[in-house]
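[1] let me see the structure of the following:
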Amino acid sequence: VSTQSTGIFKMFKFAFALSTLLLLGVLENASALDWMNGPIRDIYYLGVSSENRMVIAYRGMGDVYIQGRRHLREYRDSNWMGKNRKYGNYQCHYAEFPVISFPASIKIVGNTLPHSGRRGYVRKPAVETWSYAQIGANGFPTYQKLWSNKSWY
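    Below is the predicted model:
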């Protein structure tokens, strides 16, 4: 199997994960908040991109990290507009991380940046939103559990 066909297969699975979340209404305008503002929420592990990066989608102002794997630093070589061109404009931010060995289980935790939003001042929540993902040997999620801090909604 050539690397080009493997890359196309990865992008197909990646697009399938995004479209499934859209069909389920997960990445729809589920909240009245603007997707770029508010606390970190709606965190989903999407899979491995064709650039061999783990991709996580989320909403809110701030960033996400992988708990217990702080050595994994988010790639910051493109802005949100570039990531929207790569993955699609689904009203969410995308975080790209180095690939880990699979299968694996990870916990992705939000890190809200305090700011002034359209609903007033947003403070860092006492407990951040998190998502638990089990990842199969192919790098795509087999199970996800989301916990959202709804105290600001």
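[2] low-scoring stretches of the protein, by residue?
    Under the criterion pLDDT under 70, the flagged ranges of the chain are 1-35, 117-120, 149-153.
[3] which parts of it are strands?
    Secondary structure of the chain (DSSP state E): strands located at 41-48, 53-59, 62-66, 93-98, 104-112, 115-117, 120-122, 130-135, 141-147.
[4] list the beta-bridge partners for the residue nearest to Y44 when sequence neighbours are not counted.
    Leaving aside its sequence neighbours, Y44 sits nearest to A57 (CB to CB, 6 or more residues apart in numbering; 4.9 Å). Where C-beta positions appear, they are placed from N, C-alpha and C, glycine not excepted. Per DSSP bridges, the residues bridged to A57 are Y44, Y94.
[5] ok, A57 to S101 distance?
    Distance, A57 to S101, by CB to CB, to the nearest Å: 22 Å.
[6] who's more crowded, the two?
    Neighbours per residue, other CB atoms under 10 Å: of A57 and S101, the larger number sits with A57, 25 against 8.
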